[in-house]
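Enquirer: have a look; sequence and predicted model below, questions after that.
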Amino acid sequence: MEVLLGITGKDFTLIAASKAAMRGATILKVSDDKTRQLNKHTLMAFSGEAGDTVQFAEYIQANAQLYSMRNETDLSPSALANFVRGELASSLRSRKPYNVNLLLGGVDPITHKPSLYWLDYLASLAPVPYAAHGYAQYYCLSLLDKHHQPDISLERGMELLRLCADELKRRLPIDFKGLIVKVVTKDGIEVKPFDEDAVVRGT
Amino acid sequence: MSSPFSINGGACVAMVGKDCVAIACDLRLGLQALTVSNNFPKVFQYGDNVFLGLTGLATDVSTVSDLFRYKVNMYRLREERHIAPRTFANLVSSSLYERRFGPYFVSPVVAGLDPTTGAPFICGFDSIGCIDFAKDFIVSGTATEQLFGMCESLWEPDLGPDALFETISQSLLNAVDRDALSGWGAHVYIIEKDKVTKRLLKGRQD
C-alpha cells in the first residue's frame, strides 16, 4: 500500500511518496521519507521490500555522489536512470535480487528539460510524463491521463497531486498517512508543503 | 499470462521487398493489462543498415539492446568497418546461446541489406538463439498469431519501398488492434540502398 507519484511539467518534476512506514498491517512511522537526493537536480523515490529499498537507494545515491566528486560534474537524469537500470538488471539475475520499484525525477542541468523515469523491480525502464507505482497506478494514472498537459505550471502540478491524493484517500482501504512532496527545478530540490488535514468525503 | 514473454506485451515484424527491407514495432510497455508507457520502441539501429527488433520482457529488451550496442561498437573499432546483417545475426545467435540455461526472455528479429550485394536479409530467433531464416517475413511478440495472418494475406514478392511500407504498416496496425497487449502507436523503418526512412504511426490509442 505504498504510494509513489511523479509528475513532470513545463520546468519542474514533482515526486510524491506516502509517509507511512508499514510492516505487515502495522504502521511503524508516520513521517517516513521514501526519497533520496542523488545530486543537485535528481531525486529518486522508492518502494518495495523493507530492507532492500533503503539499501539500494543509498547505494545508488553514494555512487551518484562519488561520480559528482570525481568528475566535478553531475550525471544527467537520463544517465542516472540508465545507471540505476543497469544495477537493478544485474541484481535481477543474482542469487538475491533487490525487490525495489523506483521513480527517478530530475531536471537536466544543461538543457533544463524536466524528465521522469519509471523503473520496476524487473529493471524495466520507461521515460514517462507522469507515473505511479503500486496501487496508486490504478487510481491515479487514469486521472492524470485526463488532466495532465506537458506544459503545466507548478501550481497546476500541485493541483493534480491534490486530485490524486484525494482519490487515494477516498479509495485505498489503509491510511497511507499523507504524502511527502518534493519538487525538482533547475535551482535544485525542495520540499513542498502539502496539506494533510484536508478531509476527503467518501462518494 | 505470467510467462515472461507476455508480461510487458509488444509486437515486431520484418518484411522483404525488392531491393529493400522493412522492420516495424509497436510502442506499448505494459504490466499485464495496465499500460505504463506508450513510448517504448522495440527496434534498434546498429550501423548504417542493420536493424534489430526485440520483443518480450522489457528489462531484457533494454539489456539485450544495450549489450549489442556495446558488441557492435567493439566490432566496428576492431574491424574498422560496419557489421553486416548476416554477421550480426550470427552474433545475436551466439550471444543468446551463451545464456542457454538462463535465457534472455526476448524474441529478436534482424533486418538489413547486405553491404556488398545489396541483397535484402531478414531473420528471426528464439530466446536461445536458434536462427529462423526467411525469404518473406518474420514476426515476433504477443501478436504473432495475428501478424502471421496479416502477413500471409498482404505480403507478396518484389514489393517496392512505398508498397512495402503500406504492407508492413497495415499488417502491424491491424494485428495489434486484435491484441490487448500491443499497440499504442508504431515505428516503421524502410531500408533501401543509401537511404533509411523512419516513420511514426499514431495508430489507435485505446
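Expert: It's in.
Enquirer: CA atoms for contacts and neighbours, from now on please.
Expert: Will do.
Enquirer: just the CA atoms of the helix or strand hosting A:Ala132, as PDB, please.
Expert: Assigned by DSSP states H and E, A:Ala132 falls within strand A:130-133. Extracted as PDB, the C-alpha positions of strand A:130-133 are listed here (Å, rounded to 0.1, in the frame of the first residue of the first chain):
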ATOM      1  CA  TYR A 130       3.700  11.100 -15.300                       C
ATOM      2  CA  ALA A 131       4.000   7.900 -13.300                       C
ATOM      3  CA  ALA A 132       2.900   5.900 -10.300                       C
ATOM      4  CA  HIS A 133       3.800   2.700  -8.500                       C
END
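Enquirer: chain A contacts on chain B?
Expert: Residues of chain B lying close to chain A (CA under 8 Å from any CA of the partner chain) are B:Leu29, B:Val36, B:Ser37, B:Asn39, B:Phe40, B:Ala58, B:Thr59, B:Ser62, B:Thr63.
Enquirer: surely the second one is in a helix?
Expert: No - the assignment for B:Val36 (DSSP: H, G, I helix; E, B strand; the rest coil) gives strand, which keeps it out of a helix.
Enquirer: what count of nearby residues applies to it?
Expert: Taking other CA atoms under 10 Å in any protein chain shown as the criterion, the count of residues near B:Val36 is 23.
Enquirer: residues in contact with the residue nearest to it when sequence neighbours are not counted?
Expert: The shortest distance from B:Val36 to any non-neighbouring residue, by CA to CA, 6 or more residues apart in numbering or on different chains, is to B:Gly30 (5.0 Å). Shown in contact with B:Gly30 (CA atoms under 8 Å, 6 or more residues apart in numbering or on different chains): B:Ile7, B:Asn8, B:Gly9, B:Val36, B:Ser37, B:Leu181.
Enquirer: tell me which of those is nearest to chain A?
Expert: Distance to chain A, by CA to the nearest CA, is smallest for B:Ser37 among those, at 6.5 Å.
Enquirer: next one: phi and psi at the residue of chain B found nearest chain A?
Expert: Closest to chain A within chain B is B:Thr59: 4.3 Å, counting by CA to the nearest CA. The phi and psi values for B:Thr59, taken as degrees, to the nearest 10, are phi -60, psi -40.
Enquirer: just give me the neighbour total for the closest residue to it other than its chain neighbours.
Expert: Spatial nearest neighbour of B:Thr59, excluding adjacent residues (CA to CA, 6+ apart): A:Ser124 at 4.3 Å. A:Ser124 sits with 23 neighbouring residues when counted by other CA under 10 Å.
Enquirer: return the nearest residue of chain A with respect to chain B.
Expert: The nearest approach of chain A to chain B comes at A:Ser124, 4.3 Å away (CA to the nearest CA).
Enquirer: list the contacts of that residue.
Expert: Each residue near A:Ser124 by CA under 8 Å, 6+ apart is listed here: A:Arg85, A:Trp118, B:Ala58, B:Thr59, B:Ser62.
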